[in-house]
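Novice: coords below, sequence missing:
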């Protein structure tokens, strides 16, 4: 008998941090766990080597006339730092208050387990289930999936035979209501370095004569937004599409208590662009954010210098038809043009991914040629969620990014059905990450219901 809770705990013990080479044993253990699990389920398993971390490909073959579902997930997790803020060991799962606490519990090993368990239980109940299934579980999502796009190209003919993608790596608002995510923001990131003098200078002897790179960087950063929080880079908003009326209606159903939101994030005031609520801003608008900034002396006490260097890290979230390469170049150019004389600026571009948007069949402006199985999948998803949760499903865009979903659409031509199984209180990427056990169990039943409907 398949026990999803115990299987999940076993997987959570694998410290699969992809960004840190010190965790290579944990990455290998996670990959080994998945290959063993899929083999136990009777699936054929292939471990595809990449330049970084392998992709686990597990298949349930069958009649070519059967529907074919591609299930996506990732086995890598974020670092556990700061470890001292955890109430229990980050890689030793603990059940407490109806939750499983561990790094990766909600992102993405718990939600991923919902689909694995659903398939395992379905095949136990009906070994002749007329459904082909391919699990594609990567180990690099948390570092931008650099190996997955080339893999998709190399397996394009094989993987494009699938009918749609099913995954759970998105957010829902509460234990009572799930969101079916229909849009994801794209992303482009960059590192900026400003250099002034060739070494730190005595601020008494040279201050006032030499342009301070920390001052210059702050001035340039401040110039990238106006007082309305609108990005001032020319062309930045090219490609931003209008929000459909049905999307606004779905968002109204979600409700928006901005006082509660302020309390949740711990701020005294919000800073949305004029004319947009906080919920509209994070779902429908692009952003330019400073993820980190530094320069000069950072130690205890004072050190009176004009520092030699200053730096910042920038990420832009994108929507609609915005091109991440173009937007990144526009921001880079704006920074270089605004850098004052006496300062040398370097902008190093990082990973990027395109936005993704699918209009569910039946909604206004949905494609007339939507595949029949995609329509059936959205209908089955809505029905299954309504049967398991007190409130009906909402169809909303999300502010986060899963760049590979747009790559899957571009390369394989497949749309995705994304079921949000983690919640705001699950602490993704933060200490004390957890997964609500009741949501996980209901998610398994939802996934089973969807897959059974598609097999009929």
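Specialist: Cool, the structure landed. Source: prediction; values computed, not measured. Residues are numbered from 1 along each chain as shown.

Novice: doesn't residue 258 make contact with residue 268?
Specialist: No: between residue 268 and residue 258 there is no contact under C-beta atoms under 8 Å: 12.0 Å. Any C-beta I mention is one placed from the backbone N, CA and C, and that applies to glycine too.

Novice: the two: who's more crowded?
Specialist: When neighbours are counted by other C-beta atoms under 10 Å, residue 268 and residue 258 differ, and residue 258 comes out ahead with 13 against 6.

Novice: and residue 119, how far from residue 133?
Specialist: Counting by C-beta to C-beta, to the nearest Å, the separation of residue 119 from residue 133 is 6 Å.

Novice: please enumerate the shared neighbours of those two.
Specialist: Common neighbours of residue 119 and residue 133, counting by C-beta atoms under 8 Å, 6 or more residues apart in numbering, are 60, 71, 451.

Novice: just list whatever residues bridge to the second one.
Specialist: Right, the one you point to is residue 71. Bridge pairing for residue 71 (DSSP bridges) gives the partners residue 135, residue 166.

Novice: the nearest residue to residue 284 once chain neighbours are set aside in helix, strand or coil?
Specialist: Nearest non-adjacent residue to residue 284, counting by C-beta to C-beta, 6 or more residues apart in numbering: residue 243, 5.0 Å away. Three-state call for residue 243 (DSSP: H, G, I helix; E, B strand; the rest coil): coil.

Novice: may I have the beta-bridge partners of residue 357?
Specialist: When bridges are called by DSSP bridges, residue 357 pairs up with residue 183.

Novice: just how off-centre is the longest helix seen in the chain within its chain?
Specialist: Longest helix in the chain by number of residues, with DSSP state H as the criterion: helix 437-455. Mean-position distance between helix 437-455 and its chain equals 22 Å (C-alpha atoms, centre = their mean, to the nearest Å).

Novice: cool, stretch 399-419 as well?
Specialist: 11 Å.

Novice: if any of the shared contacts of residue 119 and residue 133 are buried, put those into a ChimeraX selection.
Specialist: The buried residues among those can be selected in ChimeraX (16 or more other C-beta atoms under 10 Å) with this line:
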select :60,71,451
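
Novice: so which of the shared contacts of residue 119 and residue 133 is the closest to residue 7?
Specialist: residue 71 (15.6 Å; C-beta to C-beta).

Novice: the bottom helix or strand of this protein by mean pLDDT?
Specialist: Least confident helix or strand, the chain: helix 258-265 with a mean of 88, by mean pLDDT, DSSP states H and E.

Novice: what's that one in contact with?
Specialist: 268, 269, 270, 277, 278, 279, 424.

Novice: what do you get if the cut-off is 7 Å, keeping everything else the same?
Specialist: With contact meaning C-beta atoms under 7 Å, 6 or more residues apart in numbering, helix 258-265 is reached by 268, 270, 277, 278, 424.

Novice: three-state assignment of the residue nearest to residue 152 when sequence neighbours are not counted?
Specialist: Spatially, and ignoring its direct neighbours in sequence, residue 152 is nearest to residue 411 (4.4 Å; C-beta to C-beta, 6+ apart). Here residue 411 takes the helix state, with states given by three-state DSSP.

Novice: and what of residue 42?
Specialist: Quick answer, by three-state DSSP: residue 42 is coil.

Novice: how about the one 10 residues further on?
Specialist: Using three-state DSSP, the three-state assignment for residue 52 comes out as coil.

Novice: mind checking how far it is from residue 73?
Specialist: 17 Å.

Novice: cool, residue 445 as well?
Specialist: Taken as C-beta to C-beta, the span from residue 445 to residue 73 is 18 Å.

Novice: do the same with residue 38
Specialist: Distance from residue 38 to residue 73, by C-beta to C-beta: 12 Å.

Novice: returning to what we had before: give the next helix or strand downstream of the least confident helix or strand of the chain.
Specialist: On the C-terminal side of helix 258-265, the closest following helix or strand by DSSP states H and E is helix 278-284.

Novice: show me where the stretch 151-300 of the chain has strands.
Specialist: Along the stretch 151-300 of the chain, counting by DSSP state E, counting those that start in this stretch, strands occupy 164-167, 179-184, 186-195, 201-202, 287-295.
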